[in-house]
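In: Pasting the sequence and the predicted coordinates here, then a few questions.
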Amino acid sequence: MRKTRRRCKNPDCRGWFHPRFQNEWWCKPECGAVIALAKRSKEKKKEIREQEKRRKEARRESIKRKKEAQQERRHHQIRKLEVKPLSYFHSKAQSAFNQYIRTRDAEQPCISCGRHHEGKYDAGHYRTRGASPATRYDETNCHKQCAPCNQHLSGNIENYTPNLIEKIGQEAFEVLMGPHPVKKWTREELEQLAAHYRQKTRELIKQREGV
């Protein structure tokens, strides 16, 4: 019976030989070692590619889960806001507006008594929110005011009036005191108003810090 010849699979050899076994593909032990190492290297590269593929798939899955969680949180927050009363959104807008007023007037004294002191300062409305809701977010109607004048002296209007006229001018004062159409705020508008005044406050702080 004629023996089948094979070429050695060692690329540096490629010599002809007669295999003794069916799975023998090298002509001598040295070539067998080279072929084994090449096969192991190929398997290692394949293993690395599969690991990288699994890592990328795991990363994509992680990103997907994070996005889904973020969307769920946003939907949950939206659902929570949907049941909030309008007063909740007014309080958020008022807080942002008041913070802006205190930041704007930070270097000025109390609008009523004219004092600088270490105590607490409020954003004091000249025309109160209850009496004039239309001027609730009017910047000419609200100024830095010390807590004693705002809270204990009911705004100290006797001194607030002349100091306000001096600050904003008689014409602006008359506009402030004139009739105003009542504004029917929506939740979306109040959210935008709050964001607007938070942004104005940040910009004013950066401007003063020279950033």
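Out: Received, thanks. Residues are numbered from 1 along each chain as shown.
In: All the helices of this protein, in order from the start?
Out: 29-82, 86-104, 147, 157-168, 170-177, 187-209 (DSSP state H).
In: Could you export these as a markdown table, including mean pLDDT?
Out: Formatted as a markdown table, the helices of the chain follow (pLDDT from 0 to 100):
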| stretch | mean pLDDT |
| --- | --- |
| helix 29-82 | 88 |
| helix 86-104 | 96 |
| helix 147 | 94 |
| helix 157-168 | 97 |
| helix 170-177 | 96 |
| helix 187-209 | 95 |
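In: Present these as a markdown table; the columns should include distance to H18.
Out: C-beta here means a position set from N, CA and C on the backbone, and glycine is covered the same way. Shown next, in a markdown table, are the helices of the chain (distance: least, CB to CB, whole Å):
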| stretch | distance to H18 |
| --- | --- |
| helix 29-82 | 14 |
| helix 86-104 | 89 |
| helix 147 | 105 |
| helix 157-168 | 109 |
| helix 170-177 | 109 |
| helix 187-209 | 85 |
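In: To A134, which of those helices lies closest?
Out: helix 170-177 (10.4 Å; CB to CB).
In: Now that closest one - C-alpha only, CSV.
Out: Extracted C-alpha coordinates of helix 170-177, given in CSV (Å, rounded to 0.1, in the frame of the first residue of the first chain):
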residue,chain,number,x,y,z
GLN,A,170,-40.2,108.3,40.0
GLU,A,171,-41.4,107.1,36.6
ALA,A,172,-40.5,103.5,37.3
PHE,A,173,-42.2,103.8,40.7
GLU,A,174,-45.4,105.1,39.1
VAL,A,175,-45.3,102.1,36.7
LEU,A,176,-44.9,99.8,39.6
MET,A,177,-47.8,101.3,41.5
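In: winner for burial among the helices of the chain?
Out: Among the helices of the chain, ranked by average contacts under mean count of other CB atoms under 10 Å, first place goes to helix 86-104 (a mean of 18).
In: could you say what helices and strands that helix packs with?
Out: For helix 86-104, the elements it packs on are strand 121-125, strand 142-146, helix 187-209, judged by 3 or more CB pairs under 8 Å, 6 or more residues apart in numbering; DSSP states H and E.
In: nearest to A38, of the ones you listed?
Out: Short answer: helix 187-209, nearest of the helices and strands packed on helix 86-104 by CB to CB, at 63.1 Å.
In: what's the angle from that closest one to helix 86-104?
Out: Angle of helix 187-209 versus helix 86-104, following axes from the mean of the first three to the mean of the last three CA atoms, to 10 degrees, is 10 degrees.
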